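Peer 1: With the sequence up front, the predicted model follows.
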Amino acid sequence: MIENESDRHSVPSGSETHFKIVAVSSAFESLSLIQRHRLINHILASEFSNGLHALSLNLYTPSEWLKKSKVPPISPPCHHAKKGRKE
């Protein structure tokens, strides 16, 4: 699942800069959490150089997903978010 969460941040309307990704893969079986994140960040390197700003990564093995089996709630706002923004 990929969800565009850009509308919850201080970015122009229609932006595609903040995303939540929920991925379940057996490829994660032998990887630590940080290795999983690095893998996804590496795959999306060109998107980061073209405007992608932030990812909320929720990466599971199939057995981990069976225990969780629901999409995590809304990601917390970044420090530039509209609500609670300090000027």
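Peer 2: Alright, I've got the coordinates.
Peer 1: how near is residue 43 to residue 59?
Peer 2: Going from residue 43 to residue 59 by C-beta to C-beta, to the nearest Å gives 12 Å. C-betas here are computed from N, CA, C, even on glycine.
Peer 1: List of residues touching the top helix by length along the chain?
Peer 2: As assigned by DSSP state H, the longest helix anywhere in the chain is helix 33-43. For helix 33-43, contacts defined as C-beta atoms under 8 Å, 6 or more residues apart in numbering pick out 21, 23, 27, 28, 31, 48, 55, 57, 59.
Peer 1: In JSON lines, list those along with distance to residue 39.
Peer 2: Below are the contacts of helix 33-43 laid out as JSON lines (distance: C-beta to C-beta, whole Å):
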{"residue": "21", "distance to residue 39": "12"}
{"residue": "23", "distance to residue 39": "10"}
{"residue": "27", "distance to residue 39": "8"}
{"residue": "28", "distance to residue 39": "8"}
{"residue": "31", "distance to residue 39": "7"}
{"residue": "48", "distance to residue 39": "14"}
{"residue": "55", "distance to residue 39": "12"}
{"residue": "57", "distance to residue 39": "10"}
{"residue": "59", "distance to residue 39": "8"}
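Peer 1: Go through the residues you listed and name the one nearest residue 3.
Peer 2: Set against residue 3, the nearest of the contacts of helix 33-43 by C-beta to C-beta is residue 21 (7.9 Å).
Peer 1: Can you tell me which helices and strands the helix or strand containing residue 21 packs against?
Peer 2: Per DSSP states H and E, residue 21 falls inside strand 18-24. Here strand 18-24 touches strand 2-4, strand 54-60, helix 62-68, going by 3 or more C-beta pairs under 8 Å, 6 or more residues apart in numbering; DSSP states H and E.
Peer 1: Highest mean neighbour count across these, which stretch is it?
Peer 2: strand 54-60 (a mean of 17; mean count of other C-beta atoms under 10 Å).
Peer 1: Quick check: which ranges of the protein have low pLDDT?
Peer 2: Low-confidence segments of the chain, defined by pLDDT under 70: 6-17, 69, 73-87.
Peer 1: And the next helix or strand past the longest helix of the chain?
Peer 2: helix 45-48.
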